[in-house]
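Enquirer: Here is my input; please provide its structure:
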Amino acid sequence: MGRRAAPSYRLFFALKPPAVVARRIDHYAAILAGGDPRILPAHQHVTLGITGDAPDYPRAQIDALHRAATRIMADPFDLLLDRLCYGGRSAALRPSRSNAALVRLQRQVANAMQRAGATPREDWHFSPHQTLFYRDGPPAQRRIDGFGWRVEQLVLICSHVGRTRHDVVGTWALQGDAQYRLF
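Expert: Next comes the predicted model:
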């Protein structure tokens, strides 16, 4: 029996589709993926900011990100992922056009992470997408009818890297100037 790698943890701010949309996306991914393992519906998300990996549970960093995120103020907005993109390693849904509200929210997340002293993951840059599954193959893309939802909250997730575990460690309703944190 092989040894498991030492645990590591990764924090990220994300947008999660509602459960009904996640199930529809998973059904679509199942048709495309064949036998390739899909992203679990509960793990589907669009990443807005991500930290590097930490060898120990990042409680202090979670607390700092909580404090910094309370200053994020954004109105709810509609998000449509209507482009299917195959890269060399994955298949993902992306928006076919820029979404100004999404870009503004991501900038606020990046600023909150900086205020919290969270070091962004070295190889990451914001490119809005929701991964469906991982695969090897040539790049391709096409427009699709798409999957959309009203984005009404921001979540902070702690990923137990390599363990297929995502813990939601913070949730904030998007309510513009009246925004508040939910527990």
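Enquirer: which strand residues sit across from residue 171 in the sheet?
Expert: Beta-bridge partners recorded for residue 171 (DSSP bridges): residue 155, residue 182.
Enquirer: and stretch 29-36, average pLDDT?
Expert: Taken as a whole, stretch 29-36 has an average pLDDT of 92.
Enquirer: which residues sit against that stretch?
Expert: Contact with stretch 29-36 is made by 38-39, 84, 91, 132-135, as judged by Cβ atoms under 8 Å, 6 or more residues apart in numbering. The C-beta positions use only the backbone N, C-alpha and C, and glycine is treated the same way.
Enquirer: export that stretch as PDB, just CAs?
Expert: Extracted as PDB, the C-alpha positions of stretch 29-36 are listed here (Å, rounded to 0.1, in the frame of the first residue of the first chain):
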ATOM      1  CA  ALA A  29     -20.000  17.000 -18.200                       C
ATOM      2  CA  ALA A  30     -20.900  13.300 -17.900                       C
ATOM      3  CA  ILE A  31     -21.900  13.300 -21.600                       C
ATOM      4  CA  LEU A  32     -18.600  15.000 -22.600                       C
ATOM      5  CA  ALA A  33     -16.200  13.200 -20.200                       C
ATOM      6  CA  GLY A  34     -16.800   9.600 -21.200                       C
ATOM      7  CA  GLY A  35     -14.800   7.800 -18.500                       C
ATOM      8  CA  ASP A  36     -12.800  10.700 -17.300                       C
END
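Enquirer: Now do the buried residues in that stretch.
Expert: Of all the residues in stretch 29-36, those buried under the rule 16 or more other Cβ atoms under 10 Å are 29, 33, 36.
Enquirer: next one: stretch 135-154
Expert: Result for stretch 135-154 [16+ other Cβ under 10 Å]: buried residues 135, 147, 149, 151, 154.
Enquirer: before we move on, what about stretch 106-125?
Expert: 106, 108-110, 112-113, 116, 118, 120-121.
Enquirer: farthest-separated two in those residues?
Expert: Distance extremes for the buried residues of stretch 106-125: the farthest pair is 108 and 121 at 18.2 Å, using Cβ to Cβ.
Enquirer: and the buried residues of stretch 135-154, which two are the farthest apart?
Expert: Longest span within these, Cβ to Cβ: 135 and 154, 29.4 Å.
Enquirer: can you tell me how far the closest residue to residue 65 other than its chain neighbours sits from residue 85?
Expert: Closest residue to residue 65 apart from its sequence neighbours, by Cβ to Cβ, 6 or more residues apart in numbering: residue 116 at 4.8 Å. Here residue 116 is placed at a distance of 31 Å from residue 85 (Cβ to Cβ, to the nearest Å).
Enquirer: Strands of the chain, start to end?
Expert: 9-15, 46-50, 77-86, 90-94, 130-134, 140-151, 153-160, 165-173, 181-182 (DSSP state E).
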